[in-house]
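output the structure for:
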Amino acid sequence: MRSFEMLSAIFNVLLLVWLMFAPNKSQKGLVAGFGISTLLLVIHAFVEGMRWPMIPIYVITVFPILIFAKRSLLPSREQPQKTSRLRMTLLTILAALLSFTAVALPLLFPVFTFKKPTGPFAVGTVTYHWTDEKREEISTPEPEDKRELMVQIWYPANSAAKGARAPYVSNPDMFAAGYHKVLQFPELMFSSFAHVKTYAIEAAPLSETEAQYPVLVFSHGLSGYKNQNMFQVEQLASQGYIVVGIDHTYSSITSLFSDGRVANFIPQEMSVKNLDKLNEQWVEDAVFVLDQIEKLAKNDLDHRFTGRMDMGNLGMFGHSFGGATSVQMLMTDSRVKAAINMDGALFGQLRIPADGLKKPFLMISADDTLRGADLMTDEVIAAQGTTREAANAFYDELLVRYQPVATGGNYWMKLTNAKHFSFSDLYLLTPLFDWIEGIDVRRTHQLTNDYTLDFFNHYLKQQPFQYLEQSIGENPDFTLLKG
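Okay, the predicted model is just below:
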């Protein structure tokens, strides 16, 4: 709960108790209570922004003035002198329910926050709209449409950098509508996106501390978005990495182009064959983005990245389908020196060779994902329009691809009590996810950040391991395998 939300909640609950049980409420007291509550509401509205979980608190604000008006309008002889016991009991129950709701809703549906990045750098960010003139857009019927991508870059900025902090997403209403359509959750669940703050400063100068910074490319999950791992990308940028996030158009939940056009998610046939084919487009996206990054490194028109990107130390990481894309890029693009796959089934054209990838690789899996269809209820399977036999066949075909993941000296980290979306920001929306799923998303984020940074620091900055080599084997929160 944000500061003025908390103050408003505490004051209004105490105000409600006073209205219910104080025997002699003066007219001046009612006006004072209304005035203080209104002042807190106005400050909250201008500083933090109003939102729907606060509605019960907003309602309590008007109670004192309603009582004041009733007293003023009714002659004293018409005012009730005594409240019956039954009526008092009912009012007490209603007040208790209102107080509980006023406190519970903002706690259950908070404006979530990210932990402050721990690196020595501030974080800057810029966004680009790039068009691949060599590729047609296969998701639209117009043959002249070219493949367009929105790309956001986070980078190390001077620790004293000042400026406007970038919004979490630039079009929160469209994200809410997109998630409602894809996940079938109410749009109100995602309204907090409009109030979430990041630590990134828009268009901040790149830090002069180091001559060049290693580059990391991030690829989101199917129906995800380039900002979906803000907990991770800002931490990496603060530690001295230039992080490039890709929106895979029509496969992201929504993409807002610089001219105002919107490209929404197009559902896919959930078959291994079709997803293997779709992944080829994502690989082409990544290759194109790497080409654009090379151009920025040579000649940035804004003079920010020219000569400052260490293209000889470039890595890639991704969640889910983006993790699979990172593996494919590691196998096919010599520019990618190391890669991390966060819980991504190994879709794509190529299989990991039986003798390993021959490049540094870290796989991070949720134990829940590795169980395949075993934990899926019949109702869930039916809702997906398939059968248990087909679901088992789908996962069996995928899970066999995991066998050589760690072969050749690479790493496979299997987190306990983790879910597929534990590797993104999504579960920060409400603590209900933690309670219902039996997980600790903040702990998963911390582990992911620690081991992601350790992996890239070793292979792209030639620093000694702090976690990976020291944690091989069974651990309280995970198992770490090395091939």
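
CA atoms for contacts and neighbours, from now on please.
Noted.

quick check: residue 210 vs residue 157, distance?
From residue 210 across to residue 157, the span is 11 Å (Cα to Cα, to the nearest Å).

the more surrounded of those two?
residue 157 (26 against 10; other Cα atoms under 10 Å).

I figured that one was touching residue 202, is that so?
No: in this structure residue 157 lies outside contact range of residue 202 using Cα atoms under 8 Å: 10.3 Å.

who touches both of these two?
Residues within reach of residue 157 and of residue 202 at once, by Cα atoms under 8 Å, 6 or more residues apart in numbering, are residue 124.

hey, where'd the strands end up in the stretch 301-450 of the chain?
Assigned by DSSP state E, counting those that start in this stretch, the stretch 301-450 of the chain shows strands spanning 309-319, 338-342, 361-366, 411-415.

which helix of this protein spans the most residues?
The longest helix of the chain (DSSP state H) is helix 272-298.

which parts of that one are buried?
Within helix 272-298, the residues that count as buried by 16 or more other Cα atoms under 10 Å are 272, 275-276, 278-283, 285-290, 293-294, 296-297.

counting contacts, what elements does that helix pack onto?
Here helix 272-298 touches strand 309-319, helix 321-332, helix 388-399, going by 3 or more Cα pairs under 8 Å, 6 or more residues apart in numbering; DSSP states H and E.

rerun at 10 Å
Contacts defined by 3 or more Cα pairs under 10 Å, 6 or more residues apart in numbering; DSSP states H and E place helix 272-298 against strand 122-136, strand 146-157, strand 213-219, strand 242-247, strand 309-319, helix 321-332, helix 388-399.

tell me the angle of it relative to strand 122-136?
Between helix 272-298 and strand 122-136, the angle comes out at 120 degrees (axes from the mean of the first three to the mean of the last three Cα atoms, to 10 degrees).

going forward can the numbers begin at 57, since that is how I track them
Happy to do that; since the first residue is 57 now, the last one works out to helix 328-354.

let me see the mean pLDDT of helix 328-354.
For helix 328-354, the mean per-residue pLDDT is 97.

what angle sits between that helix and strand 269-275?
Calculated by the same axes, to 10 degrees, helix 328-354 forms an angle of 150 degrees with strand 269-275.

angle of helix 328-354 against helix 444-455?
Calculated by the same axes, to 10 degrees, helix 328-354 forms an angle of 40 degrees with helix 444-455.

ok, residue 106 - contacts?
Residues in contact with residue 106 (Cα atoms under 10 Å, 6 or more residues apart in numbering) are 61, 97-100, 114, 251.

now the closest residue to residue 443 other than its chain neighbours: how far from residue 450?
Among residues not flanking residue 443 along the chain, residue 437 sits closest, at 6.1 Å (Cα to Cα, 6 or more residues apart in numbering). Going from residue 437 to residue 450 by Cα to Cα gives 12 Å.

how deep is the nearest residue to residue 429 once chain neighbours are set aside tucked in, by neighbour count?
For residue 429, ignoring the flanking residues on the chain, the nearest one in space by Cα to Cα, 6+ apart is residue 448 at 5.8 Å. Number of residues near residue 448 (other Cα under 10 Å) recorded here: 14.

quick check: the residue most central in space within the chain vs residue 63, distance?
With distances taken as Cα atoms, centre = their mean, the residue of the chain nearest its centroid is residue 481 (2.4 Å). According to Cα to Cα, residue 481 stands 27 Å off from residue 63.

please apply the same query to residue 239.
Applying Cα to Cα to residue 239 and residue 63 gives a distance of 34 Å.

the more surrounded of the two?
Between residue 239 and residue 63, counted using other Cα under 10 Å, residue 63 has the larger neighbour count: 15 against 9.

centre of the chain to the helix or strand encompassing the more buried one, how far?
Take DSSP states H and E as the rule and residue 63 turns out to sit in helix 59-77. A distance of 32 Å separates the centroid of the chain from that of helix 59-77, by Cα atoms, centre = their mean, to the nearest Å.

what packs against that helix?
Other elements packing on helix 59-77 under the criterion 3+ Cα pairs under 10 Å, 6+ apart are helix 83-103, helix 111-129, helix 141-164.

what's next to the longest one, contact-wise?
So that's helix 141-164. 57-58, 61-62, 64-66, 68-70, 72-73, 75-77, 107-116, 138-139, 166, 485-489.

again, only using 6 Å
The contact list for helix 141-164 (Cα atoms under 6 Å, 6 or more residues apart in numbering) reads 57, 69, 109, 112-113, 486.

most surrounded residue in those?
Using other Cα under 10 Å as the neighbour test, the contacts of helix 141-164 are led by residue 113, with 26 neighbours.

from residue 66, how far out is that one?
Residue 113 is 9 Å from residue 66, where distance means Cα to Cα.
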